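**Student:** the sequence and its predicted three-dimensional model are supplied below.
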Amino acid sequence: MSLIVFPAIDLKGGQVVRLAEGDMNRATVYGDDPAAQALLFADAGAQHLHVVDLDGSFAGHAVNAAAVEAIVAAFPGHVQLGGGIRNREAVERWFDLGVSRIVIGTAALKDPTFVKAAARDFPGGIVVAVDARDGFVATDGWAEKSDMPVVDLARRFEDAGVASLLFTDVGRDGLLKGCNIDATVDLARATAIPVIASGGVAGIADIRILSLHADEGIEGVITGRALYDGRLDLRAALAVARAAA
């Protein structure tokens, strides 16, 4: 099974940005046309896209809806969306608009019944974000740290029909320090749910190492700043991921 490479488009104020460690005050702007960026990724061969409404993560509801809709309309592949999606109405709305998978983070900790019901009613459509800060789950746009260990949250959804777990080491995100591969693989080994790696991807070496663990439950990897800064070539990353199949 080949590794899925998800180029990331993070939205703040309608612009394409990357944050450092999830800090909204440490945002680097990479463009003001998210749909055009999505097409650039598609032209490089991407079939999957990871989109985050950063403002929505803090507000608890969609803020960059127009930009997301433009991305979904433009991108010919599968769009995975997260950020402030915390109720049934929002889930249904985004699926109706053409989003392929919904990422739910804060609500997974605070309202697991809602998440399990959504996973049951939308098979293969719900991804649970397991955002880690020092081994514990971070919530509310990573602004808060809970007292729940990451593995405990993951196991809570093992029998719920969740498509994947999106594991992010918050302390590495947007810093190009390298993905926390050990923690990601440990989580994949500890649960039956496929895991998507995120946070800190620095270059092709991270893609290559993660691809070696695809048969241990690593489904994919999300990369953002490394692509925008030119440290990672998307075509090369996709080729490495395919070669691991």
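**Tutor:** Done, it's in. Numbering: from 1, shown residues only.
**Student:** OK, contacts around residue 162?
**Tutor:** The neighbourhood of residue 162, defined by Cβ atoms under 8 Å, 6 or more residues apart in numbering, consists of 115, 119, 126, 127, 128, 193. C-beta here means a position set from N, CA and C on the backbone, and glycine is covered the same way.
**Student:** repeat that for 7 Å
**Tutor:** Residues near residue 162 by Cβ atoms under 7 Å, 6 or more residues apart in numbering: 119, 126, 127, 128, 193.
**Student:** return the set of buried residues in stretch 196-205.
**Tutor:** 196, 197, 198, 199, 200, 201, 202, 203, 204 (16 or more other Cβ atoms under 10 Å).
**Student:** which one of those sits closest to residue 61?
**Tutor:** Nearest to residue 61 among those, counting by Cβ to Cβ, is residue 198 at 22.6 Å.
**Student:** list the contacts of the closest one.
**Tutor:** 166, 167, 168, 222.
**Student:** which one in the residues you listed is the model shakiest on?
**Tutor:** Minimum pLDDT across the contacts of residue 198 is recorded for residue 168, with 87.
**Student:** so in terms of bridging, what pairs with it?
**Tutor:** In this entry, residue 168 is beta-bridged to residue 131, residue 198, by DSSP bridges.
**Student:** what about it, neighbour count?
**Tutor:** 25 (other Cβ atoms under 10 Å).
**Student:** going forward, begin numbering at 525 instead of 1
**Tutor:** From this message on, residue numbering opens at 525, which makes the last subject residue 692.
**Student:** tell me how far it lies from residue 619.
**Tutor:** Using Cβ to Cβ, to the nearest Å, residue 692 is found at 23 Å from residue 619.
**Student:** how about residue 735, nearest residue that isn't a chain neighbour?
**Tutor:** residue 768 (3.5 Å; Cβ to Cβ, 6 or more residues apart in numbering).
**Student:** what about the helices in the chain?
**Tutor:** 558-567, 578-583, 589-598, 612-620, 630-634, 636-645, 674-680, 705-714, 728-735, 749-752, 758-767 (DSSP state H).
**Student:** closest one to residue 528 among those?
**Tutor:** Per Cβ to Cβ, nearest to residue 528 of these: helix 758-767, 7.1 Å.
**Student:** outside of that closest one, which residues touch it?
**Tutor:** With Cβ under 7 Å, 6+ apart as the test, helix 758-767 has contacts from 526-527, 529, 531, 565, 568-570, 728, 731-732, 735, 747, 751.
**Student:** need the pLDDT of residue 599.
**Tutor:** According to the model, residue 599 scores 98 on pLDDT.
**Student:** actually residue 703, not the one I typed
**Tutor:** 87.
**Student:** tell me which of the helices of the chain sits nearest to residue 537.
**Tutor:** helix 578-583 (6.9 Å).
**Student:** format the helices of the chain as CSV; extra columns: distance to residue 537.
**Tutor:** Putting the helices of the chain into CSV (distance: least, Cβ to Cβ, whole Å) gives the following:
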stretch, distance to residue 537
helix 558-567, 11
helix 578-583, 7
helix 589-598, 9
helix 612-620, 20
helix 630-634, 21
helix 636-645, 28
helix 674-680, 30
helix 705-714, 30
helix 728-735, 29
helix 749-752, 17
helix 758-767, 25
